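Participant: next come a sequence and a model predicted from it.
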There are 2 protein chains.
Amino acid sequence: MADISDISAYVRDLCVQAKRAADSLANAPSHAKNRALQLMAEAIRGQADSLAEKNRLDLDAARQAGLPSAMIDRLTLTPKRIESMASGIDVVRALPDPVGEVIWGTTRPNGLRILKVRVPLGVIGFIYESRPNVTADAAALCLKAGNAIILRGGKEAIHSNIAIASLLAQAVEKAGLDPGSVLLVETTDRAAVGYMLKADEFIDVIIPRGGESLIRRIAEESSIPVIKHYAGICHTFVHADADLDMALDICLNAKLQRPGVCNAMETLLVDEAAAAAFLPMVLPRLREGGCEIRGDEKICAFFPEAVPAREQDWCTEYLDLVLSVRVVPSLDEAIMHINTYGSSHSDAIVTQNYAAAMRFVREVDSATVYVNASTRFTDGGEFGMGAEVGISTDKLHARGPMGLPELTTYKFIIFGDGQVRT
Amino acid sequence: MADISDISAYVRDLCVQAKRAADSLANAPSHAKNRALQLMAEAIRGQADSLAEKNRLDLDAARQAGLPSAMIDRLTLTPKRIESMASGIDVVRALPDPVGEVIWGTTRPNGLRILKVRVPLGVIGFIYESRPNVTADAAALCLKAGNAIILRGGKEAIHSNIAIASLLAQAVEKAGLDPGSVLLVETTDRAAVGYMLKADEFIDVIIPRGGESLIRRIAEESSIPVIKHYAGICHTFVHADADLDMALDICLNAKLQRPGVCNAMETLLVDEAAAAAFLPMVLPRLREGGCEIRGDEKICAFFPEAVPAREQDWCTEYLDLVLSVRVVPSLDEAIMHINTYGSSHSDAIVTQNYAAAMRFVREVDSATVYVNASTRFTDGGEFGMGAEVGISTDKLHARGPMGLPELTTYKFIIFGDGQVRT
């Protein structure tokens, strides 16, 4: 990592480079951006051994620091993960270029032709935690959407990130684009983040990826707009009229298939009318899957292995093999529970009742609402958006999975022939 | 105005009412919202005399306080302005309902049907300065888009605003909707704004309308996302290949037709190659129109009535009969000047040169860029968007004129039949 004495000047210099790159990248043709993405993927494939070597520096430091094995696992660049970084870039290259798309237009009675055209946002400040593969994902998406990116990764991954970002910037330059399009903050000093968050003259948007406390801190400190990715406290509501076999599959998938991610189920709500039939089906299977059950009174009375849920459990994102379970008297109560305790991320109903399904999708105020499917599908790739830079829990600008169009803004272009206003 | 002792509790109570109203309004059918808008317009027309009477209280206070006549004029509700409030509501009623529009959708290979559907934002906090007609405009637009609104107007207009908002809320209730959909902060205590800006649990977005210092203060203080409407430092660049008669019409219109608004020209840039021909055409006419000229050295040498422009003039929104004028050596320099000193609001080139026009619209980083037309057209109505709640100088969520769709967000609705992720 770089030995940087004046962090303020260092960050400012990165900002100036990024802004200059963004100005030229905004008008770069698709073929030049695609050529850069192709060279980026080739560089990662070609330098897989050298990346693994740099990654070992991070892994050694992590072991010395006694980091938990789950974190060391996330930090590790296996050959398979390196290939998957490269193929992720290939996927982005194959997506249509969002820049220049005319998203609305009209010719006015006075002859003015008005076009609303997608343009890049400019400079994106991307602040993320330990997984080094995010470096390549985020850089590829931002570049495709015509934005320069300033990456600030976690300190545990600094050697890996420097190695990846340097390959990417070289590829960008080789494609004839400004290498300032992909920049990494090469110091782990926390002060650098502070300077980034105040650089509103240069950076157009901050996208943080990581734990909720990181994101809250950034949102509070930033004078630049932040697109937030808060917790996923995802619910599945098993309605009285559910197909219980389907409900079982969906619940097990939503909780057990990958419990550590934001679209995994954290709370199961069971309609009172279905409880006697469904609880004996689902709770033992969840326990077999290693899941701890934190239940309300009815759950604890029915299932002795459950522990009593405290109030705070209903608003906790466990990201682990723990599940809050509650019996609710009605659809109304389920919707109210979700809108009160949820995080507006992903929530599902399982039912064969048409009216209940329609009410649920209308009244649950979440970014993604499901009928008869696992919440685990909330993902740009699964939604057919090609790739995603994250999942927004905000309501402004982007909500839910954020793909390439969400990394753009627009301008109005007006062609006249001398019109004046009267 | 209300005598309110506990402002924190008062604002919180408004927030709770608005949130409850927003929840029910989100699912209100178009015909109910349109019926409310019809009754709102009828009430304003029917109570025109009583509104004028309440308005006199504000006007008397304004005269006693010695407010400038321009401000008293803006405060005055003439019969014509009252009718125009009502007809503004009629226009909004006639617009298509943005809520429920499916803006994207797909069926995935696994059979999941994914819809991206427009939904209301929720509760909008609207903070504005003296003109009381804004109360009706903003409330009508927010209601049509399914949002509850908490209005906080200027203290000079408090009696007028209370009278208008009360008529609107009654009309909403008469249409069978929650009267909490239109709420006004009935105290002029500045502390109320502070409490609004921290009510992120209830308010989804803050839209400020007014002077730049008001907006900056709000953006700094708010923990809720703010859609900003900063200055309009609008440029017109008269290119070497301009039709000079057309350029003259456009410049006079952009500067003189209504100098006090954000889309009026504040800086004129003249290509060196056109200066000798164009300056004698335009500068005397601007002076005749009462406009002060602040020029660079070349302008001052050519036109003795000009005063030398100081550096800060290039980044000043005069909103008055004052114009900065500069001779630039090239298109490049004009674009650089605009991107450096402008406010990314509205900028125009006058030229018959195709390549110059295309470069200008591509490289000027503004919300609206014009070829051969007056910047005065930047307006939701003029753009054919029906009506506008303001003109955003932000890049996120909304840029340029904000109409009904910009007062919404979206959710993803996913219909499955038992899909789980593998």
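Facilitator: Sure, I can see it. Just so we're clear, the structure is a prediction, and the values are computed from it rather than from any experiment.
Participant: give the residue spans of the stretch 51-200 of chain A that score low on pLDDT.
Facilitator: Nowhere does the stretch 51-200 of chain A drop to pLDDT under 70.
Participant: repeat that for 80
Facilitator: Residues of the stretch 51-200 of chain A that meet the criterion pLDDT under 80 lie in A:130.
Participant: from it, which residue is nearest to chain B?
Facilitator: When scored by CB to the nearest CB, the stretch 51-200 of chain A has A:T106 as its residue closest to chain B, at 4.7 Å. (Each C-beta comes from the backbone N, C-alpha and C, glycine too.)
Participant: repeat for the stretch 151-300 of chain A
Facilitator: Closest point on the stretch 151-300 of chain A to chain B, by CB to the nearest CB, is A:N253, at 3.6 Å.
Participant: is chain B contacted by the longest strand seen in chain A?
Facilitator: If you go by DSSP state E, chain A has its longest strand at strand A:408-419. Yes. Using CB under 8 Å from any CB of the partner chain, strand A:408-419 reaches chain B at A:T409, A:Y410, A:K411, A:F412, A:I413, A:I414, A:F415, A:G416, A:D417, A:G418, A:Q419.
Participant: strands of the stretch 251-400 of chain A, start to end?
Facilitator: Assigned by DSSP state E, counting those that start in this stretch, the strands in the stretch 251-400 of chain A fall at A:265-271, A:292-295, A:307-308, A:322-328, A:346-350, A:368-373, A:390-392, A:400-402.
Participant: and for the stretch 1-150 of chain A?
Facilitator: Using DSSP E, counting those that start in this stretch, the strands found in the stretch 1-150 of chain A span residues A:102-107, A:113-120, A:123-128, A:148-152.
Participant: helices and strands around the last one, which ones?
Facilitator: With contacts defined as 3 or more CB pairs under 8 Å, 6 or more residues apart in numbering or on different chains; DSSP states H and E, the secondary structure elements packing on strand A:148-152 are helix A:7-25, strand A:123-128, helix A:133-144, strand A:182-184, helix A:191-197.
Participant: of the residues of strand A:408-419 next to chain B, which is the most crowded?
Facilitator: A:I414 (26 neighbours; other CB atoms under 10 Å in any protein chain shown).
Participant: any idea how far it is from B:R376?
Facilitator: 11 Å (CB to CB, to the nearest Å).
Participant: also A:S330?
Facilitator: Applying CB to CB to A:S330 and B:R376 gives a distance of 56 Å.
Participant: quickly list the domain ranges of chain A.
Facilitator: When chain A is parsed with automatic domain parsing, its domains come out as A:7-230+A:398-415, A:234-377.
Participant: mind putting the ones you listed into CSV with distance to B:L323?
Facilitator: Formatted as CSV, the domains of chain A follow (distance: least, CB to CB, whole Å):
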stretch, distance to B:L323
domain A:7-230+A:398-415, 22
domain A:234-377, 47
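Participant: B:E173 is nearest to which of those?
Facilitator: Nearest to B:E173 among the domains of chain A is domain A:234-377 (22.1 Å), distances taken as CB to CB.
Participant: so where does A:L167 fall, helix or strand?
Facilitator: In the assignment (DSSP states H and E), A:L167 maps to helix A:158-174.
Participant: could you check the angle that helix makes with helix A:7-25?
Facilitator: 30 degrees (axes from the mean of the first three to the mean of the last three CA atoms, to 10 degrees).
Participant: quick one: contacts for the closest residue to A:V11 other than its chain neighbours?
Facilitator: In space, and not counting its chain neighbours, A:V11 is closest to A:Y195: 3.9 Å by CB to CB, 6 or more residues apart in numbering or on different chains. Counting by CB atoms under 8 Å, 6 or more residues apart in numbering or on different chains, A:Y195 makes contact with A:I7, A:S8, A:V11, A:R12.
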